[in-house]
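A.B. asks: predicted model, plus sequence, below.
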Amino acid sequence: MPRYTGTQIFTNTEEFYEFLRKKRNSPKAIRMYETQRLYNPTVGERANLTTINHLWKLGDRFYKLAAKYYGNSQYWWVIAQYNGMPTEADVVPGDVITIPTNLEEALTTLRAV
C-alpha cells in the first residue's frame, strides 16, 4: 500500500499554480493529491510493535532498507515516518534508527488521520 492509497485527488485551479499548469501544458487545471496527515504513535503503541535497530552508515537509504525488510522500496516512508526523519538528510552516519519489522502492523500504527 503506497502512501497515497486512499488519498483524495483534487483539481487545482488556483492562480498561484498558473506557472505549473503552463509547464505541464494544462491551461485550465492540474490534479493534485491532498496533503497526507500521518498519525504519530504513542509510546504505548510503539511498544506493541516488533522492531530492530539499524546503525546508519554511509550509503544507507530509506528505500534500500524498505526493500531489504519489506521486499518493496515504496515503503521507505514507513521507516522515515516511524523515526520522525522525513529524508536521509536528517540522518547522519552513526545514528541508530528503529525499523518496524511487521509492515502491516506498522501501517496500521502509522495510519492516516
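C.D. replies: Received it, and whenever you're ready, just let me know what you need.

A.B. asks: shouldn't Gly94 be within a strand?
C.D. replies: No - assessed with DSSP: H, G, I helix; E, B strand; the rest coil, Gly94 is coil; it does not lie in a strand.

A.B. asks: do I have it right that it meets Leu55?
C.D. replies: Yes - at 7.1 Å, Gly94 and Leu55 qualify as touching, with contact defined as Cβ atoms under 8 Å. The C-beta positions use only the backbone N, C-alpha and C, and glycine is treated the same way.

A.B. asks: which residues do those two both contact?
C.D. replies: Counting by Cβ atoms under 8 Å, 6 or more residues apart in numbering, no residue touches both Gly94 and Leu55.

A.B. asks: domain parsing for this structure?
C.D. replies: Here the domain parsing of the chain from automatic domain parsing is 1-36, 43-109.

A.B. asks: dump those to TSV, plus mean neighbour count and mean pLDDT.
C.D. replies: Shown next, in TSV, are those (neighbours: other Cβ atoms under 10 Å; pLDDT from 0 to 100):
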stretch	mean neighbour count	mean pLDDT
domain 1-36	11	76
domain 43-109	15	93
